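In: show me the folded form of this:
(2 chains)
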Amino acid sequence: MKLELKGITKRFGTLVANDHIDLVVEPGQVHSLLGENGAGKSTLMNVLYGLYDPTEGEILVNDKSVTFRGPGDAMAAGIGMVHQHFMLVPVFTVAENVALGNEATKAGGMLDLSDTRAKIRAISDQYGFDVDPDAVVENLPVGVQQRVEIIKALVRNAEVLILDEPTAVLTPKETDELLGIMGQLKADGKSIVFISHKLREVKAVSDVITVVRRGKVVGTADPGASTTELASLMVGRAVSLTLQKEPAHPGEVSFSVRDLVVQAANGQRVVDGLSFDVAQGEILAIAGVQGNGQTELTEAILGLQNHVRGSILLDGQELLGRGVKDIIRAGVGFVPEDRSVEGLVGSFSVAENLILNRYDQAPFARGLSMSSAIIEKNADEKIAEYDVRTQSAAAAAGTLSGGNQQKLVMARELSRPLKLFIASQPTRGVDVGSIEFLHRRILQERDGGTPVIIVSTELDEVLELADRIAVLYRGRLMGIVPGTVSRDVLGLMMAGMPGDEALAQATNVRGEMQ
Amino acid sequence: MSVQESQPVAGSPTVMHRVMTGNALVAVLAVVMSLILGGLLIALTDPDVASAASYFFSRPQDTLAAAWSAASGAYLALFQGSIFNFEGETFTRMIYPLTQTLTVATPLICAGLGVALAFRAGLFNIGAQGQILIGATFAGWVGFTLDLPAGIHLLLVILAGMLGGALWAGLVGVLKARTGAHEVILTIMLNYVAVNLVLYFLSTPAFQRPGSTNPISPQLDATALYPPLLGPEFRLHWGFVVAVLATVFVWWLLNRSTVGFEFRAVGANASAARTAGISVSKGYILAMAIAGALAGLAGVAQVSGTEKVLTSGVAASFGFDAITVALLGRSSPWGTFAAGLLFGAFRAGGVTMQASTGTSIDIVLVVQSLIVLFIAAPPLVRSLFRLPVPGAFPAPKSAKDRTSAATGGTA
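Out: From the prediction side, this is the model:
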């Protein structure tokens, strides 16, 4: 099936989200849509999927103009979509989820899933999905849930499959498997629209790459183009993807964690006996797939977790058992993983957010009374220093873009003398242009002699910043390896293999291949 | 990712939050709409209109004229009863309605401030009624039991009233912070406890008039009363000045103090507040205690201002109206003050309206309720007046719903 978008324009009031976008998806092709956050990729796909009416332009299926009044029309025309956030009912089985929306019924209105089960088995066998139709979705790993989404589209005879940021939630291994599945689907004559901002993956699977910037197609690129070229196209200016990083000069070890155990409310050990040290002037990256204890670890250090045992020493002083305010005053800077939930108060002004954890200290407050003049002056300085793009210091922080919100949080945390700096997912959802800036700031803090802990699920970021890498798996430490280690080793460790084994296996594989 | 994701995601704004912080224009338009609908209702229930309507098809202008005179007459009486009586013989008579409005507004403002303040800290305080009652009980007891010199006695009455309210509401804060119990349920239940507790107290000798078994306390000592503000011919007392001061204080507290910063942070995004080292528990407890103290002031205004005795009906329905007042005032101190004045006017004028035009005072309650209804449904007012939807990006075709509908697939 050939799919063509002609001059698609989508306006929201004065904002032009899509500006005359032309796109042709040929049968049996993986067509990547590359662009920064907010470039208009998802809007375009929502237009294509019938969720938005285009302001102008038309959609052609096999050279015939079509109008989609809703996702139902799009699906009937052979378009399937796998959303970034899965649209599955967790307590339903795979078959129930797949059938949902066009359920077959037996006499008396009883649900008949036998046909759906057979179809799921057929598709699962054909592509090697290994999905049990009777498994309950909430018990399945994320990667398998994603396959259920793909099955849902295939059962409805989708010829064009839209995958919206499908790798964001996957482990490196699952990502490789998904890329493999995409290859099979392509070989079967299906077309795939692959939306991503991860250059490596886009290069690996694409036949055609269309780059979108600020709602416009700014060009198409060959998959053979270098990542630097792609990044420059995406951002609209030259970006350096590799940091010019000076080697670390680790000083004294001033932060140590010993036998740390964090228990969740259900008694499960989410952090299970962690011990590590961080020296002054070094970056320890904590890698791992989302949900393997990273959140709880950082929260335990900051005093936000309740059931914690072990020891957390900063400059020889125990942090465990102290209040959050006390720990912040002791010089711990913290950039939480979800800035809009934990890092910012969205309805507060930029100026108020910049003093969110120093609002009661001089010079911002004297006694109970806060000084708005000093708070505003502080805001103006920080906005300039960290290049936060905002209408004014009085604008609500929630109106800022993701990158600027992150700069705001970073500005707040780095503008006081620190003894330890922890940044969780420092560049998640941040545009490529700002990533470089944020990374430089983190390095600056390291070079100033602060011990730095970076928690990231993005391997690129881990490899970019880390002097040493600790890998977490189910709350346990799989080992600490040097920052120069290969992706393969990290991938194995993230899947639960201890560091030394992973190192050994990676060298073996390389040996066999040679 | 997409355009809709760049919308502000400030914590998780609840429906209640949206309702309490709607924009000022919507509040004004809600009042206007309610007055128009109230006017229609007055016309429809008017006997003259009904008799004129019986020959509507032969002379429709009679019906319309009767409707107009019924509605305008009622509202004119409302105005005369609440602001300025231009038919008054003396100047005192003329401005008497306004002073009545201010008198009624005093407890509404104080209790409204309590509801508004708690709301800014993320707490929906339904318990102003109970807090007023307990505050009034504390204040009243100090007022009729202790024998103290003028000045000190009143001061102690005020402090006792604030303490009573603060304890009653602070209890809710403690329970919420410690056990996670929901403040709405707690405050509603404590309202019942308070009213029955006061009834019980009034059945004990310590609270009853000597030689009487009626559930009514002795009159408060003269030294325990708010002095009249404009002279003995008006009921307006110094409690109104206290209400103004309370408004200034709450404004300062919320906008200029570290405590208010904590309240607002806890109310707007508790997890960000916690991460920034602000104690959410302390915020809840303190916010409730101060809210209760403000409601307690309303109790003081009643017991040592207008009523001068303690009965179980001393709070009237001020505690519940306070919620509406805070709503209409969008939880801002001066907005609450203005809304308190408006509701004071409705109450004071409603009586005159009923007396002089025969329009039932219940119409005023209908208008009040309609105001809340319109404020609670900002999209309704917006679509009636074709106002733009706030926020940079409209969510066309309501992307979320459609996406979830798409999940099942309509194919």
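In: other SSEs contacting the one helix or strand residue B:26 maps to?
Out: Using DSSP states H and E, residue B:26 sits in helix B:24-45. Judged by 3 or more C-beta pairs under 8 Å, 6 or more residues apart in numbering or on different chains; DSSP states H and E, the packing partners of helix B:24-45 are helix B:60-82, helix B:318-328, helix B:333-357, helix B:362-376, helix B:378-385. To be clear about C-beta, it is placed using only N, CA and C from the backbone, and glycine gets the same treatment.
In: over to the closest residue to chain B within the stretch 301-450 of chain A: give its phi and psi.
Out: Scanning the stretch 301-450 of chain A for proximity to chain B using C-beta to the nearest C-beta identifies residue A:346 as nearest, at 2.4 Å. Dihedral pair for residue A:346: phi -60, psi -30, per degrees, to the nearest 10.
In: wait, it sits on residue A:398?
Out: Yes - using C-beta atoms under 8 Å, residue A:346 is in contact with residue A:398, at 2.9 Å.
In: neighbour count for those two, which is higher?
Out: residue A:346 (24 against 21; other C-beta atoms under 10 Å in any protein chain shown).
In: report pLDDT for residue B:362.
Out: What the model reports as pLDDT for residue B:362 is 85.
In: for it, give its distance to chain A.
Out: Per C-beta to the nearest C-beta, to the nearest Å, residue B:362 is found 38 Å from chain A.
In: count of residues packed around that residue?
Out: Neighbours of residue B:362 (other C-beta under 10 Å): 12.
In: cool, and residue B:320?
Out: A count of nearby residues for residue B:320, using other C-beta under 10 Å, gives 16.
In: in contact with the nearest residue to it once chain neighbours are set aside, which residues are there?
Out: Closest residue to residue B:320 apart from its sequence neighbours, by C-beta to C-beta, 6 or more residues apart in numbering or on different chains: residue B:129 at 5.9 Å. With contacts defined as C-beta atoms under 8 Å, 6 or more residues apart in numbering or on different chains, the neighbours of residue B:129 are B:191, B:194, B:195, B:315, B:317, B:318, B:319, B:320.
In: ok, of those, which come out buried?
Out: B:191, B:194, B:195, B:315, B:318, B:319, B:320 (16 or more other C-beta atoms under 10 Å in any protein chain shown).
In: hang on, the fourth one in a helix?
Out: No - assessed by DSSP: H, G, I helix; E, B strand; the rest coil, residue B:315 does not belong to a helix; its assignment is coil.
In: okay, it and chain A: tell me how far apart.
Out: 31 Å.
In: picking up where we left off before, deepest of the helices and strands packed on helix B:24-45, which one?
Out: Highest mean neighbour count of those: helix B:318-328, a mean of 26 (counted as mean count of other C-beta atoms under 10 Å in any protein chain shown).
In: centre of the chain to that helix, how far?
Out: Relative to its chain's centre, helix B:318-328 lies at 2 Å (C-alpha atoms, centre = their mean, to the nearest Å).
In: could you name the helices and strands sitting against it?
Out: Using 3+ C-beta pairs under 8 Å, 6+ apart, helix B:318-328 sits against helix B:15-20, helix B:24-45, helix B:91-120, helix B:128-145, helix B:280-301, helix B:333-357, helix B:362-376.
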